[in-house]
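Chemist: pasting the sequence and the predicted model now:
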Protein chains: 2
Amino acid sequence: MITIKDIANAAGVSHATVSRVINNGPKVGDETRKRVKQVMQELGYRPNANARALVTQKHSALGVVVAELLDPFFATLAHGIDSVARQQNIQLLMSAGSIEKDTELQAIDTLMQHRCEAMVVHSKALDDDTLIEFAGQIPGFVLINRYIPQIAHRCVWLDNTAGGKVMTQHLLDLGHRKFAVISSRYQIDDPSERLQGIRNTLHAAGLTLDDSHIEYSSPDQKGGEHAMRHLLARGVDFTAVLAYNDAMASGAMTTLSDHGLQVPTDASIVGFDDVLLAKYCHPKLTTLHYPIEMMAVKAAELALAYARGEPTSTTHTYKYTPTLVKRDSAAQVHPR
Amino acid sequence: MITIKDIANAAGVSHATVSRVINNGPKVGDETRKRVKQVMQELGYRPNANARALVTQKHSALGVVVAELLDPFFATLAHGIDSVARQQNIQLLMSAGSIEKDTELQAIDTLMQHRCEAMVVHSKALDDDTLIEFAGQIPGFVLINRYIPQIAHRCVWLDNTAGGKVMTQHLLDLGHRKFAVISSRYQIDDPSERLQGIRNTLHAAGLTLDDSHIEYSSPDQKGGEHAMRHLLARGVDFTAVLAYNDAMASGAMTTLSDHGLQVPTDASIVGFDDVLLAKYCHPKLTTLHYPIEMMAVKAAELALAYARGEPTSTTHTYKYTPTLVKRDSAAQVHPR
DNA sequence: TACCATAAGGTATACGTTTTCCCTATTAAT
DNA sequence: ATTAATAGGGAAAACGTATACCTTATGGTA
């Protein structure tokens, strides 16, 4: 592999000069600059990124830790990050953390070994303290989909409680009074925050949500089917279902349909996330749009800005709110 | 950041010994080894991956170039690669190449700048010669979804022609004789190969496919809708539709439904890829399963093996064949 | 006892950059 | 004409690690 010295020899200058040309540094004449560039071109020089990172003590790449690449939600997230990385001509170092403590930890650790200065992390398994410590060590450490007060200016997050509120209010407005909830069984904040939003809103309307009307399951299609089967088996009385996400909502609809129940005639259902699925399942899902791509872009920009040491407002915080997308799965309550 | 020398001092050994401990090298006594490890633990030592890559002249990461992270197809691909990377405890360097010559070139170039030895590349925009040259320079250069004879042992690819054949044969078996094809307008090999398979099979059955029965459009939902609109507008007579992929098939179904036509009663339709969408659209798509995850795993393993210089069979080639998944969108031809 | 093989570990160099400090002409200022 | 400033560029150190080569005990063997 051809190095800076080869260029220096071929161009009859010192390797310092070549380095200056590469970095558009000062102290090199127009003519020399041109000649060196010419030689680099001819010899097909490719700077050694590792040597560079070593001497500058920082890796130029943007590190990304997501839970699971397969999930369309994370694909969208990755896409958002990629778009700013590409725009700023920056490489992506990506790992999947699979919502397990060890894996997430290891993913971040590897990034640190590369002396990665900017990273966007989606962590659900690690505790606040651990993340706060990382934030202290890594200039461009930004969390996505998580809010930790102590490092609020490093968090780009969704207001789940508001989401719970919006979806519930929509169903209330449609005249529904009997609710069932299909939630995620994972012990992360999101489900409980959304549930809280739901509870608050029902409470304000003079209703309460009995625990027996909540079913917990895995946050995917299968889990949705499963949860709905339980709800029906237990004879829970409802006209509206609040699902943790679109996948669960879609699964629930499958089960309803298997039992001869029509959506939205016999029951309304509202999802969360607004992934592709929501548009293509039948009936089309009324759901909450999760502006994840927008959030990902913000997170990436933030991470890179912090890494560069740019003065970013520490007071400003990055909260996003999901918005209602009305489609066909939720309708006016059907009079019995 | 704490280095190997700090460890050496604290443990009262030379930094060479510390390095040996890190790499599980020989020439270090059990006791010393333990002590050094202890110190590393205490001081929270994190090896500098850049220094390492510099001195060893190679980056340990596995490079990945895909077209577009958003596409579930590539998400699945990425997932397959990630699974082997994780298993072998290797980091992923990922870029999106977006099927543009420059971007793909730049993605590979960046990977080379990092002296990445193993890479799985999905390139549709670069020409054979360019890729052959990269293969010559990079030990672990593996192409996925592309076949180039000169570097056959570096290619993990799908037999598109066989795919075209299988889908056509299935519809023939169901009694269909009037076909329409919805293809991709991109000038890459896949569409024409699949079309070739379709043509061959029809020919063997004594039928021909008139050019007017083929509609080219962008390979997504919108493209499928658009193509089907054209087909209907032009009054093309068909009972079966062969779509380039599931997204187009799904779009085509939307248009059919908008025109009051039932699938599969009025027209059968077969997709390609078997992405999530195929299972969740309505009716469920009969399609060809693209074993992309399996292929991605193979490609990643291959890339890493080549990079390590392991003796891999140069004679063996990695061709995969899509398999038919029967669902609800294709049925016995309806008697008029 | 003398010799050698071996185990354990140290010394020093190289990897390819960036960057600080220094040197030498040339030009501008007095 | 002399000095100061500046532009252009070179020499060398540093980044953190791996490793080839060297040194020193120690134990075994003839």
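Modeler: Ah, there it is.
Chemist: buried ones in the one helix or strand A:Ala296 maps to?
Modeler: Assigned by DSSP states H and E, A:Ala296 belongs to helix A:292-307. Using 16 or more other Cβ atoms under 10 Å in any protein chain shown as the test for burial, helix A:292-307 gives A:292-293, A:295-307. No exception for glycine: its C-beta is placed from N, CA and C like everyone else's.
Chemist: what is the subsequent helix or strand relative to it?
Modeler: Using DSSP H and E, the helix or strand that directly follows helix A:292-307 along the chain is strand A:318-320.
Chemist: ok, residues contacting that next one?
Modeler: A:147, A:153, A:155-159, A:291, A:294-295, A:298-299, A:302 (Cβ atoms under 8 Å, 6 or more residues apart in numbering or on different chains).
Chemist: which one of the buried residues of helix A:292-307 is nearest A:Arg115?
Modeler: Relative to A:Arg115, the closest of these is A:Ala307; by Cβ to Cβ it sits at 11.0 Å.
Chemist: how far away is that closest one from DNA strand D?
Modeler: The gap separating A:Ala307 from DNA strand D is 18 Å, by Cβ to the nearest atom of the strand, to the nearest Å.
Chemist: A:Val65 now?
Modeler: Distance, A:Val65 to DNA strand D, using Cβ to the nearest atom of the strand: 22 Å.
Chemist: and the residue nearest to A:Leu242 when sequence neighbours are not counted, what does it touch?
Modeler: Computed as Cβ to Cβ, 6 or more residues apart in numbering or on different chains, the closest residue to A:Leu242 that is not its neighbour in sequence is A:Val181, at 4.8 Å. Contact partners of A:Val181, counting by Cβ under 8 Å, 6+ apart, are A:Leu195, A:Ile198, A:Leu209, A:His213, A:Ile214, A:Glu215, A:Val241, A:Leu242, A:Ala243.
Chemist: let's have those residues in a markdown table, adding secondary structure, distance to A:Arg33 and pLDDT.
Modeler: Listed next are the contacts of A:Val181 as a markdown table, based on DSSP: H, G, I helix; E, B strand; the rest coil; distance: Cβ to Cβ, whole Å; pLDDT from 0 to 100:
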| residue | secondary structure | distance to A:Arg33 | pLDDT |
| --- | --- | --- | --- |
| A:Leu195 | helix | 63 | 97 |
| A:Ile198 | helix | 64 | 98 |
| A:Leu209 | coil | 70 | 95 |
| A:His213 | helix | 73 | 97 |
| A:Ile214 | strand | 69 | 97 |
| A:Glu215 | strand | 69 | 97 |
| A:Val241 | strand | 67 | 98 |
| A:Leu242 | strand | 64 | 98 |
| A:Ala243 | strand | 62 | 98 |
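Chemist: sorry, back to before: show me which of the contacts of strand A:318-320 neighbour DNA strand C.
Modeler: With Cβ under 7 Å from any atom of the strand as the criterion, the contacts of strand A:318-320 include none near DNA strand C.
Chemist: rewinding a little: wasn't the residue nearest to A:Leu242 part of a helix?
Modeler: No: under DSSP: H, G, I helix; E, B strand; the rest coil, A:Val181 sits outside any helix and is assigned strand.
Chemist: now the contacts of A:Val181 in JSON lines, with neighbour count?
Modeler: Formatted as JSON lines, these follow (neighbours: other Cβ atoms under 10 Å in any protein chain shown):
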{"residue": "A:Leu195", "neighbour count": "21"}
{"residue": "A:Ile198", "neighbour count": "24"}
{"residue": "A:Leu209", "neighbour count": "18"}
{"residue": "A:His213", "neighbour count": "18"}
{"residue": "A:Ile214", "neighbour count": "20"}
{"residue": "A:Glu215", "neighbour count": "23"}
{"residue": "A:Val241", "neighbour count": "31"}
{"residue": "A:Leu242", "neighbour count": "31"}
{"residue": "A:Ala243", "neighbour count": "32"}
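Chemist: and the residue lying closest to A:Leu232 once chain neighbours are set aside, how close does it get to A:Gln41?
Modeler: Using Cβ to Cβ, 6+ apart and skipping residues adjacent in sequence, the residue nearest A:Leu232 is A:His259, 6.0 Å away. Distance of A:His259 to A:Gln41, computed by Cβ to Cβ, to the nearest Å: 69 Å.
Chemist: kindly report the same for A:Gln187.
Modeler: Counting by Cβ to Cβ, the gap from A:Gln187 to A:Gln41 is 57 Å.
Chemist: tell me if I'm right that A:Ile7 and A:Glu42 touch.
Modeler: No: using Cβ atoms under 8 Å as the test, A:Ile7 is too far from A:Glu42 to be in contact (9.5 Å).
Chemist: higher neighbour count, the two?
Modeler: A:Ile7 (23 against 11; other Cβ atoms under 10 Å in any protein chain shown).
Chemist: am I right that that one sits in a helix?
Modeler: Yes: A:Ile7: assigned to a helix according to three-state DSSP.
Chemist: check the secondary structure at the closest residue to it other than its chain neighbours for me.
Modeler: In space, and not counting its chain neighbours, A:Ile7 is closest to A:Val18: 4.8 Å by Cβ to Cβ, 6+ apart. Look at A:Val18: counting by three-state DSSP, its state is helix.
Chemist: please give the number of neighbouring residues around A:Asp190.
Modeler: By other Cβ under 10 Å, neighbour count at A:Asp190 equals 21.
Chemist: repeat for A:Met228
Modeler: Neighbours around A:Met228, by other Cβ under 10 Å: 30.
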